[in-house]
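> Model the structure of this input:
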Amino acid sequence: MASAMVEQEQASRFCQVPILGLPVHMIQIPDVVEVMTHWVTHERFRPHWVVVADMHAVVEAHNRADFRRMVRQADLTVPDGISLVKVAQWKGGAVRSRVAGTDLMKAFFFGTQGLGFRHYFYGDTDLTLERLAGNLTRQYPGLTVAGAYSPPFRPLTEEEDEAAIRRINEAKPDVLWVGLGLPKQEQWIYTHRDRLNVPLVLGVGAAFKFLAGTVQRAPDWIGDMGFEWLWRFACEPRRLWKRVLVEGSQFVGLVALELAGWRDFS
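Numbering: from 1, shown residues only. Have a look, this model is predicted:
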C-alpha cells in the first residue's frame, strides 16, 4: 500500500493538459529524469511506461480510438515537439520546452552515471544498434548495455516473439528503450508490458539513429526554433511527407477549433 501511494505521488506531481483529447504532462527533462530514476530504484515491481508524444502521436491518438486507449494507460506522457509546447502554453500549461526523446536519453544517461543501471535497446537495425552501443559506452563511462535486438521488418512469429521477450528478461535490464517508430513502438510496449520484467520502458523513435550517428539530427539552433520537423522532412521527404503535410495540416486545423472553443475533443 505504501509503495502504491509513493508511485501515485510521483505520477500526480505534474498537471496534465489535454491536447486533442490526449493528456500530456507539463514536465521538463530534469523532472522526467528524476521520476524515471525513482521508478528504477524504488518502484521495480512492474514496468513503468513513458510515452514521448509529438504531433504525430497526438494526431494518431485523435484518429484511432484504439491507439488513444493504449497511450492513455502510460504512466507519463511528455511533450516532444514545439507545437505541443505552444498549444499547452495557450491552454495555460506551465511548460517551457519540449522533451525530445534524444535529449531525454542523453540527460538520463548523464544523470544516472554511477548508479549501475543496465540498458537494453530494442528496434532499428544491427548497424544502428552496434554504433549506438559503441557511442554510448564511450560518451558515458560506466554505462552498461545489457543487450540489444533488431527485430525483422515483418511480424514476428509467436516463437520469435517469445524468444525476444525471454532475451530481454534474461538480460535483467533496468531500462528498456524501444526504437520501432510511432505507433508501432507504443503498440509493442502495450502488448508486451505485462510480460516484461523491467521497471522502466520508453519508446523513443528515431533517437537510436541520432545517437548512433546513422542519421544526422538537426542542429540545436534549428531545434530550439521549432523547425526540427522541417530539417527531418528535407532529409527524408519520401518517408515523412504524409506526416508533415497531411497530419500537420490536420493538427493545426483541429487545434484551432479546440482553442476557439468550437470543438471539445476530451
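
> Adjacent strands (with direction) for the strand or helix carrying Ala146?
Element membership for Ala146 (DSSP states H and E) is strand 144-149. Using DSSP bridges, the strands paired with strand 144-149 in its sheet are strand 118-123 (parallel).

> Residues contacting the strand it pairs with, please?
129, 132-133, 136, 143-151, 164, 168, 171-181, 185, 198, 208 (Cβ atoms under 8 Å, 6 or more residues apart in numbering). Heads up, the C-betas are built off the backbone N, CA and C, glycines and all.

> Just the buried subset of those, please.
Listed as buried from the contacts of strand 118-123 are 129, 132-133, 136, 143, 145-150, 164, 168, 171, 173-181, 185, 198, 208; burial here means 16 or more other Cβ atoms under 10 Å.

> Looks to me like Gly51 is in a helix.
Small correction: residue 51 is Val, not Gly. No: counting by DSSP: H, G, I helix; E, B strand; the rest coil, Val51 falls outside a helix, being strand.

> Quick check: it touching Glu186?
Yes: between Val51 and Glu186 there is a contact under Cβ atoms under 8 Å: 6.4 Å.

> Between the two, which contacts overlap?
Common contacts of Val51 and Glu186, defined by Cβ under 8 Å, 6+ apart, comprise 57, 71, 203.

> For the last one, name its beta-bridge partners.
Counting by DSSP bridges, Gly203 forms beta bridges with Val51, Val178.

> can you count the residues close to it?
31 (other Cβ atoms under 10 Å).

> what's the distance between it and Ala218?
For Gly203, the distance to Ala218 equals 20 Å [Cβ to Cβ, to the nearest Å].

> Only C-alpha atoms, please: export the strand holding Ala146 in CSV.
Taking C-alpha atoms only, strand 144-149 is exported to CSV below (Å, rounded to 0.1, in the frame of the first residue of the first chain):
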residue,chain,number,x,y,z
THR,A,144,26.1,-0.8,-19.2
VAL,A,145,24.5,-2.1,-22.4
ALA,A,146,22.7,-5.3,-21.1
GLY,A,147,21.7,-6.2,-24.6
ALA,A,148,20.2,-5.2,-27.9
TYR,A,149,18.0,-6.7,-30.6
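
> Got the phi and psi for the spatially closest residue to Val201 that is not a sequence neighbour?
Nearest residue to Val201, sequence neighbours excluded (Cβ to Cβ, 6 or more residues apart in numbering): Leu176, at 4.4 Å. In terms of degrees, to the nearest 10, the main-chain angles of Leu176 are phi -110, psi 120.

> Leu176 and Leu200 touch, don't they?
Yes: counting by Cβ under 8 Å, Leu176 touches Leu200, with 7.1 Å between them.

> shared neighbours, these two?
By Cβ under 8 Å, 6+ apart, the residues touching both Leu176 and Leu200 are Pro47.

> who's in contact with the nearest residue to Gly213 once chain neighbours are set aside?
Leaving aside its chain neighbours, Gly213 sits nearest to Arg131 (6.0 Å; criterion: Cβ to Cβ, 6+ apart). Residues in contact with Arg131 (Cβ under 8 Å, 6+ apart) are 212-214.

> Check which helices and strands the helix or strand harbouring Val255 is in contact with.
Assigned by DSSP H and E, Val255 belongs to helix 248-259. Where contact means 3 or more Cβ pairs under 8 Å, 6 or more residues apart in numbering; DSSP states H and E, helix 248-259 is packed against helix 55-63, helix 82-90.
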